[in-house]
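Q: sharing a model that was predicted from the sequence below.
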Amino acid sequence: QAQDQVYRHAIKGLLKERKATLVAHYYTDPAIQALAEETNGIVADSLEMARFGRDCDADVLMVAGVRFMGETASILSPDKTVLMPTTEATCSLDIACPIDEFSAFCDQHPDRVVVVYANTSAAVKARADWVVTSSIALDVIEHLQDQGKKILWAPDRHLGHYIQHKTGADMILWDAACIVHEEFKAKGLMDMKTLYPDAKVLAHPESPASVLAMADVIGSTSQLINAAVELPDKTFIVATDQGIFYKMQQQAPDKTLIVAPTAGNDASCRSCASCPWMGMNSLQALYESLRDGSNRIQVERDLAAQAMVPLQRMLDFSR
Ligand code: 13P
Ligand code: SF4
């Protein structure tokens with residue numbers, strides 16, 4: 001569209017002018033992902049976004065994603081200005097893990113190592129011993145298990161259950177879920193597998209156990225893209241947000257990619273493989289934030305210092 005072209009042009013100019021770098025998640029609008037690619041920014045999973053944001057040489061980080069990604073960038077890069085197209089973009093996992101309740105839960109289990117998923121507030125991270133993303137969650141829990149640790153896991157119960165099942169680690173789980181991945185259904189997937197018997201199933205570990213049980217590859221967004229590129233198979237059914245198809249198809253142009261079935265294309269499907277909060281990152285909002293320096297993400301200093309400890313552990317572990 002003509003208007004999108006105008007925004008794209010203006011954003012490119014402002015990125016240069018402000019010495020700003022665009023750090024985008026795979027679930028954002030393909031137009032935003034393309035802009036990140038064209039301007040030496042990055043399109044990545046949440047772990048790579050954190051690391052790239054910290055390491056890149058920029059005065060301003062424009063983080064296109066959801067709020068926890070902006071907060072993490074701000075904690076890791078205190079000398080950079082962190083902006084987001086919107087501050088309204090949250091995450092159902094973050095919402096379902098308020099700090100007061102979470103802190104009380106931790107207090108009830110003082111003998112456990114507290115491991116939280118990156119999809120949480122800075123306050124929840126500050127209460128944790130470890131922060132992990134989906135790309136390293138399994139490895140970190142195995143590492144802690146080797147040390148004989150018992151674990152308190154929050155907030156995603158599907159990812160927690162998957163790790164528990166896979167490792168046999170002693171874990172107690174917080175009870176929250178991603179509204180997008182929770183909609184993927186094993187029954188629909190089974191029907192789809194009969195239509196595409198040669199297809200391999202790629203699933204994000206926030207999906208329900210019944211879906212993960214049918215998956216050939218389970219991993220973070222980056223790991224799923226790599227699987228589509230590297231596996232010799234030609235067709236993939238993909239259980240994660242549809243935003244990933246932009247990069248996956250670009251990297252694996254000769255593969256057929258099919259979105260996994262959700263609750264059905266009916267009223268009960270709240271998200272239909274499309275995160276409503278990621279969808280708030282429009283070109284217009286990005287342009288306005290960059291133009292005005294608005295939607296700045298700042299984490300209070302003491303809180304940032306506390307949250308930095310488990311975040312640093314995460315980055316050191318994944319090096
Ligand atoms: P990744 O770390 O795999 O990018 O996941 C982030 C996320 O929000 C998935 O829903
Ligand atoms: Fe949160 Fe799910 Fe959206 Fe990821 S897709 S940001 S986990 S609500």
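A: Received the coordinates, thanks. Residues are numbered from 1 along each chain as shown. Ligands and ions are numbered 1, 2, ... in the order given.

Q: so which bits of the stretch 151-300 of the chain are right by ligand 1?
A: On the criterion Cβ under 6 Å from any ligand atom, ligand 1 has as its neighbours in the stretch 151-300 of the chain the residues 178, 204, 206, 220-221. For every residue, glycine as well, the C-beta is placed using N, CA and C.

Q: check the residues you listed one by one and keep those near ligand 2.
A: Contacts with ligand 2 within these, as defined by Cβ under 6 Å from any ligand atom: 178, 206.

Q: narrow the residues of the stretch 151-300 of the chain next to ligand 1 to those in helices?
A: When helices are assigned by DSSP state H, the members of these inside them are residue 221.

Q: so what's residue 27 up against?
A: When contacts are counted by Cβ atoms under 8 Å, 6 or more residues apart in numbering, residue 27 is found next to 65, 221, 241, 243-244, 275, 278.

Q: and residue 131, that's in a strand?
A: Yes: in this structure, residue 131 lies within a strand as judged by DSSP: H, G, I helix; E, B strand; the rest coil.

Q: returning to that earlier point: turn the contacts of residue 27 into CSV, columns for secondary structure and pLDDT.
A: Listed next are the contacts of residue 27 as CSV, based on DSSP: H, G, I helix; E, B strand; the rest coil; pLDDT from 0 to 100:
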residue, secondary structure, pLDDT
65, coil, 98
221, helix, 96
241, coil, 97
243, coil, 97
244, helix, 98
275, coil, 97
278, helix, 98
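
Q: of the residues you listed, just say which sits nearest to ligand 1.
A: For ligand 1, the closest of those turns out to be residue 221, at 3.9 Å, with distances computed as Cβ to the nearest ligand atom.

Q: can you pull the pLDDT of the residue nearest to residue 211 when sequence neighbours are not counted?
A: Distances taken as Cβ to Cβ, 6 or more residues apart in numbering place residue 184 nearest to residue 211, at 4.7 Å, with adjacent residues excluded. In this prediction, residue 184 carries a pLDDT score of 96.

Q: count of neighbours near the residue lying closest to residue 231 once chain neighbours are set aside?
A: Spatially, and ignoring its direct neighbours in sequence, residue 231 is nearest to residue 200 (6.2 Å; Cβ to Cβ, 6+ apart). Neighbourhood size, residue 200 [other Cβ atoms under 10 Å]: 20.

Q: re the thing from before, could you pick out the buried ones from the residues of the stretch 151-300 of the chain next to ligand 1?
A: In those, burial by neighbour count holds for 178, 204, 206, 220-221, counting by 16 or more other Cβ atoms under 10 Å.

Q: so residue 21: helix, strand or coil?
A: Remark: residue 21 carries the secondary structure label strand [criterion: three-state DSSP].

Q: and the gap between it and ligand 1?
A: As judged by Cβ to the nearest ligand atom, to the nearest Å, residue 21 and ligand 1 stand 18 Å apart.

Q: so how far is ligand 2 from that residue?
A: With the distance defined as Cβ to the nearest ligand atom, residue 21 ends up 21 Å from ligand 2.

Q: does that residue have beta-bridge partners, and which?
A: On the basis of DSSP bridges, residue 21 is bridged to residue 61.

Q: so it sits against residue 41, correct?
A: Yes: the criterion here is Cβ atoms under 8 Å, and residue 21 meets it with residue 41 at 5.0 Å.

Q: overlap of the contact sets of the two?
A: Contact with both residue 21 and residue 41 is made by residues 15, 62, according to Cβ under 8 Å, 6+ apart.
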